[in-house]
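J.: sequence unknown, structure follows:
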């Protein structure tokens, strides 16, 4: 079956098995990778060489012959530039989603639910442009994405409305769907051509939003769509990645997804130099700490202030995390830039609890803690008392 534009130009040919017994909707979906829209942008080119006779010449860019006009210098120093050109430059070809396709048979529109009992010789394809921006309609589409209203969202996308608009809260529809945790709106928006790593007018991507709120279905869809799993927030924010966000919130399934997708476990760091392991400690999530360490996270990573995950756990009195990190060989003697060690950082009210931690470590035959005489409960209690007095 030939698929042609209204001009008669054939854009692609579908085999009979791609058409027969299929709905028009399925045919449109099959056409997505085969048809596209090429964008051209005007680009200025400054010339620093002599132009042709009468100050005019032509040059070829991207296979196109362009006319270049000189301009008088009038004793103005422009660094040797004697002419310029404005020429179109080819950008990336964008796929046309099924929402922007209209199929015609003898000038009659073919409904999406119509089944092709046999493959027609030819159908016409109309590539629809997005509707002009409309603040009220755009807000309705954003609301539909957030509320999981698939009927309304399908309606707006079929108008077709641009899936990459930003609303009053500066988010795109994909941000709204990722935050709310609804999988189907995410799927529809991606199918409609939503930019998977768009920030809208905020500092985060949809994937970071989904990770932050523990929306595992949205995370899986975005990762499968090629979302950048290591994309941090912008420089004017804290520089956290999706793995930072999920670790801080304690979303074990999301952390596992990101690690399995190959997310970097120690880089990039936030603006204060912390890794996702710090975030897991900050949030008090031992299960995330354990998962990250077992996946290869650096136990003794040092933040900008000189703190390590163990220092932070001690300061926050996360005794279960302290015990785990010590069992895994974290440096108990590391000092921050202020000279504070985990021993000094632990709260003064927690002496007895800390003594119990060390007692358990000494008695554990699988403990990796060295110098168990130094770690004996009585001596450790005395060390703590000496530190805090």
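T.: Cool, got the structure. All values reported here derive from a predicted model rather than from experimental measurement.
J.: what residues are up against residue 106?
T.: By C-beta atoms under 8 Å, 6 or more residues apart in numbering, the contact set of residue 106 is empty. In short, each C-beta sits where N, CA and C put it, glycine included.
J.: residues touching residue 286, list them.
T.: The contact partners of residue 286, by C-beta under 8 Å, 6+ apart, come to 318, 320, 321, 324.
J.: Likewise for residue 335?
T.: Remark: with contacts taken as C-beta under 8 Å, 6+ apart, residue 335 is in contact with 306, 341.
J.: For it, what is the enclosing helix or strand?
T.: Mapping residue 335 onto the secondary structure by DSSP states H and E places it in no helix or strand at all.
J.: What of residue 184?
T.: For residue 184, the element it lies in under DSSP H and E is helix 183-191.
J.: next helix or strand past that helix?
T.: helix 206-212.
J.: and the next element down the chain from that next one?
T.: Moving toward the C-terminus from helix 206-212, the next helix or strand (DSSP H and E) is helix 216-224.
J.: For that following helix, what is the distance to the chain centroid?
T.: Averaged C-alpha coordinates place helix 216-224 at 10 Å from its chain's average position (C-alpha atoms, centre = their mean, to the nearest Å).
J.: can you list the residues that contact it?
T.: Around helix 216-224, the neighbours that count as contacts under C-beta under 8 Å, 6+ apart are 177-178, 181-183, 186-187, 190, 196, 206-207, 210-211, 229, 242, 251, 253-254, 257-258, 261.
J.: Also stretch 201-213?
T.: Looking at what lies outside stretch 201-213 - C-beta under 8 Å, 6+ apart - the contacts are 166, 170-172, 174-175, 177-179, 181, 186, 196-199, 218-219, 222-223, 227-229, 231, 233-234, 236-237, 240-243, 245-246, 249, 251, 254, 258.
J.: Where helices are concerned, which of these count?
T.: The subset of those located in helices under the criterion DSSP state H comprises 174-175, 177-179, 186, 218-219, 222-223, 242-243, 245-246, 249, 254, 258.
J.: neighbours of residue 178, just the number please.
T.: Under the neighbour criterion other C-beta atoms under 10 Å, residue 178 is assigned a count of 33.
J.: contacting residues around it?
T.: Counting by C-beta under 8 Å, 6+ apart, residue 178 touches 186, 206, 207, 209, 210, 213, 215, 218, 222.
J.: Go through those residues and say which is closest to residue 101.
T.: Checking these against residue 101 with C-beta to C-beta, the nearest one is residue 186 at 21.3 Å.
J.: Going by neighbour count, which residues in stretch 333-342 are buried?
T.: For stretch 333-342, the buried set under the neighbour-count rule, 16 or more other C-beta atoms under 10 Å, comprises 334, 335, 336, 340, 341, 342.
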